[in-house]
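S.K.: next comes the sequence, and after it the predicted model I'd like to discuss.
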Amino acid sequence: MTNQKFKIKKRGMSEVVTTILMVGLVLALIAIVWSVISGLVNDELGKTDACFGNFDKVTINRPYTCYNLTTKEFYFSINVEDISLEKIFIVIGSKGVTNSITLSSTATNITGVTNYPTNSSEVIAPEANHGKTYIYAGLETAPDYIRISPMISGEKCQESDALTDIEPCSSYD
């Protein structure tokens with residue numbers, strides 16, 4: 001009889017140990033999955049924090065954005081409100097051709113882009129609470145659209161403004 005009791009106890013202990021090991025394994029897996037997912041979510045939230053609340057703070061100044069039919073130059077003006085940004089990505093589309101310009105917070109020479117009204121070739125993105133107008137040469141026809149997206153704290157934000165009905169400059173004279 002003692003042998004039977006011992007065998008029964010041994011079998012019962014094995015099931016208890018197996019159950020405890022299974023629960024421990026499940027908890028360990030949950031901890032691993034949680035740490036991976038938590039890290040990914042926190043990274044993505046950190047990226048969106050830079051852009052969150054700044055959607056309408058980098059805009060196209062519509063009255064000063066036009067196409068000069070005579071000189072074939074595109075004048076575009078950008079306003080920046082009370083934020084500090086590193087770059088502004090600009091996309092200009094004209095007859096199926098897309099032109100990309102990147103204005104940074106340091107003065108650079110960008111082919112075909114000059115400052116208005118000085119025509120100086122070293123261009124820089126507007127500072128906080130400022131606006132600037134630029135001239136883009138090289139378009140044979142009026143652009144179909146202009147889109148801008150800022151880079152804030154190392155993160156490229158979504159498009160903050162766009163203009164699709166670009167007027168000829170002569171209509172402002």
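M.R.: Looks like it came in fine.

S.K.: could I get the full set of strands for the chain?
M.R.: Secondary structure of the chain (DSSP state E): strands located at 58-60, 66-68, 73-80, 87-94, 97-104, 108-109, 113-115, 122-123, 130-137, 145-152, 155-156, 161-163, 167-168.

S.K.: between the ones you listed, which one is nearest to residue 16?
M.R.: Nearest to residue 16, of all the strands of the chain, is strand 155-156, at 52.1 Å by CB to CB. C-betas here are computed from N, CA, C, even on glycine.

S.K.: counting contacts, what elements does the closest one pack onto?
M.R.: helix 2-51 (3 or more CB pairs under 8 Å, 6 or more residues apart in numbering; DSSP states H and E).

S.K.: quick one: low-confidence parts of this structure?
M.R.: Low-confidence segments of the chain (pLDDT under 70): 1-13, 42-50, 170-173.

S.K.: break it down into its structural domains.
M.R.: Residue ranges for each domain of the chain read 1-52, 58-172, as given by automatic domain parsing.

S.K.: dump these to a markdown table, plus mean neighbour count.
M.R.: As requested, the domains of the chain are arranged in a markdown table below (neighbours: other CB atoms under 10 Å):
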| stretch | mean neighbour count |
| --- | --- |
| domain 1-52 | 10 |
| domain 58-172 | 16 |
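
S.K.: out of the strands of the chain, nearest to residue 34?
M.R.: Proximity to residue 34 (CB to CB) singles out strand 155-156 among the strands of the chain, at 25.4 Å.

S.K.: strands paired with the closest one, and their directions?
M.R.: Its sheet considered, strand 155-156 pairs with strand 145-152 (antiparallel) by DSSP bridges.

S.K.: from the chain's centre, how far out does the partner strand sit?
M.R.: 9 Å (CA atoms, centre = their mean, to the nearest Å).

S.K.: stretch 101-109 now?
M.R.: So, by CA atoms, centre = their mean, the centroid of stretch 101-109 is 17 Å from its chain's centroid.

S.K.: for it, C-alpha coordinates in CSV please.
M.R.: Provided in CSV are the C-alpha atoms of stretch 101-109 (Å, rounded to 0.1, in the frame of the first residue of the first chain):
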residue,chain,number,x,y,z
ILE,A,101,12.7,71.5,-52.3
THR,A,102,14.0,71.3,-48.8
LEU,A,103,14.4,74.6,-46.9
SER,A,104,16.6,74.1,-43.8
SER,A,105,17.3,76.2,-40.7
THR,A,106,20.8,76.9,-42.1
ALA,A,107,21.4,79.0,-45.2
THR,A,108,22.0,76.8,-48.3
ASN,A,109,22.0,77.2,-52.1
